[in-house]
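# Sharing a model prediction with you, sequence too.
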Amino acid sequence: MRLNEDCRNGEEKENDRGSLPLSLPQLKLVVGYALTSKKVKSFLQPKLEGLARRKGILFVAIDHQKPLAEQGPFDIVLHKLTGEAWGRILEDYREKHPEVTVLDPPDAIQHLYNRQSMLKDVADINLCDSYGKIGVPKQLVITKDSSAIPDAVSKAELTLPIVAKPLVVDGTAKSHELSLAYDAFSLSKLDPPIVLQEFVNHGGLLFKVYIVGEAIKVVRRFSLPDVDKRELRKNAGVYRFPRVSCAAASAEDANLDPGIAELPPRPLLERLAKELRRRLGLRLFNIDIIREHGTRDRYYVIDINYFPGYGKMPGYEHIFTDFLLSLVQSKYKRRLSNT
Ligand SMILES: Nc1ncnc2c1ncn2[C@@H]1O[C@H](COP(=O)(O)OP(=O)(O)OP(=O)(O)O)[C@@H](O)[C@H]1O
Ligand SMILES: O=P(O)(O)O[C@H]1[C@H](OP(=O)(O)O)[C@@H](OP(=O)(O)O)[C@@H](O)[C@@H](O)[C@@H]1OP(=O)(O)O
Ligand SMILES: [Mg+2]
Ligand SMILES: [Mg+2]
């Protein structure tokens, strides 16, 4: 932890951090960030930067034209960029600078960039207690040969309708282009590699469970409406649908059926979050959960996203800054106990 030796007692000294404003009296930590411009806009809102500054946290953009090792020094590196080259730069940096917390390790993030591996841990956890049961929808991966899909679907005994999702999530709009198929034959029109997932009726409401370290925040979003199984034959075909889980679809203020709107039990989410944090080795992600319509306690995780749109999470500026401070505090405590 750099308890900012330079700024102790509010002194202004010669700046050895490049152009950082060293007049900050109580600078506690410097967070370097490598994010897309879209992410900078949605995440680094003035309310976050303002509160962070008041708490002694400074966000500094990482310059991609310069070697990472020549920048900083940073206490924390926050990042969401894809590409192998960037992953290698970060891994190399982590090795050389074990004192810097990299949020999160590139290898662990990689796990979420494939829709098959992303849900594996949820299936392995197989959470079931008095509060409910959390699983994943039955799914099948098709890597090539779309003409074999109808057979594969019938062999795997997947029930219609089926959601088809691109296997790889790489941050492009295309990786979020999903389709809903009412019959298995139409799926052969799609381009593998894809994941075929049973569609679970859930009353048109989704729970987005945001994780920031130990903190958990749940919000409701509108989702795809239920499908009447009797209508399947009438509507045979495959329907592309737009990105539904966006901010515009917040369902927080909607007048909903209480049986559909009731949030999943907190203890259940806490168990899931704790297990996933540990198994995935990640601290920044969200989980999309649906509750099967007509049940009180059957939950399905359908998606997990790395470093999601925290800007849409109410009170994120408090939660995020507290989290960043807790990271250096626990590092400092560890260091003291080692001396
Ligand atoms: N198995 C399913 N059963 C019912 N609805 C589903 C299922 N899978 C996806 N959906 C619907 O499709 C939407 C998008 O699916 P998903 O979250 O997997 O895609 P995504 O592109 O990764 O989304 P995000 O923008 O959250 O990253 C969900 O929010 C939900 O409305
Ligand atoms: O754009 P937003 O800030 O809303 O964040 C979205 C984020 O886009 P960004 O990281 O490019 O910004 C997406 O990441 P990619 O899969 O495309 O990598 C994905 O994580 C969504 O689930 C996030 O929305 P949320 O789940 O929170 O509603
Ligand atoms: Mg989603
Ligand atoms: Mg997703």
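It's in. Ligands and ions are numbered 1, 2, ... in the order given.
# Going by neighbour count, list what's buried in stretch 207-227.
By neighbour count on 16 or more other CB atoms under 10 Å, the buried set for stretch 207-227 is 207-213, 215-224, 227. (Each C-beta comes from the backbone N, C-alpha and C, glycine too.)
# just how off-centre is it within its chain?
11 Å (CA atoms, centre = their mean, to the nearest Å).
# next one: stretch 180-195
26 Å.
# CA-only coordinates of it in PDB, if you can.
Extracted in PDB, the C-alpha atoms of stretch 180-195 (Å, rounded to 0.1, in the frame of the first residue of the first chain):
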ATOM      1  CA  LEU A 180     -35.400 -17.900 -29.700                       C
ATOM      2  CA  ALA A 181     -36.300 -21.000 -31.600                       C
ATOM      3  CA  TYR A 182     -39.800 -22.500 -31.600                       C
ATOM      4  CA  ASP A 183     -38.700 -25.600 -33.500                       C
ATOM      5  CA  ALA A 184     -35.400 -27.500 -33.700                       C
ATOM      6  CA  PHE A 185     -35.200 -27.500 -37.500                       C
ATOM      7  CA  SER A 186     -35.000 -23.700 -37.700                       C
ATOM      8  CA  LEU A 187     -31.900 -23.800 -35.500                       C
ATOM      9  CA  SER A 188     -30.000 -25.100 -38.500                       C
ATOM     10  CA  LYS A 189     -30.100 -21.600 -39.900                       C
ATOM     11  CA  LEU A 190     -27.900 -20.300 -37.100                       C
ATOM     12  CA  ASP A 191     -24.100 -20.000 -37.200                       C
ATOM     13  CA  PRO A 192     -22.200 -22.200 -34.800                       C
ATOM     14  CA  PRO A 193     -20.300 -22.000 -32.400                       C
ATOM     15  CA  ILE A 194     -23.500 -21.500 -30.300                       C
ATOM     16  CA  VAL A 195     -25.000 -22.600 -27.000                       C
END
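# can you list contacts of that stretch?
Contact with stretch 180-195 is made by 115-116, 139-147, 149-150, 153-154, 158, 160-168, 179, 196, 199, 224, 227, 231-233, 235-239, 241, as judged by CB atoms under 8 Å, 6 or more residues apart in numbering.
# Can you give me the buried ones in it?
L180, A181, Y182, D183, A184, S186, L187, S188, L190, P192, I194, V195.
# Go back to the buried residues of stretch 207-227 and keep what's next to ligand 1.
Subset of those in contact with ligand 1: S223, L224, counting by CB under 6 Å from any ligand atom.
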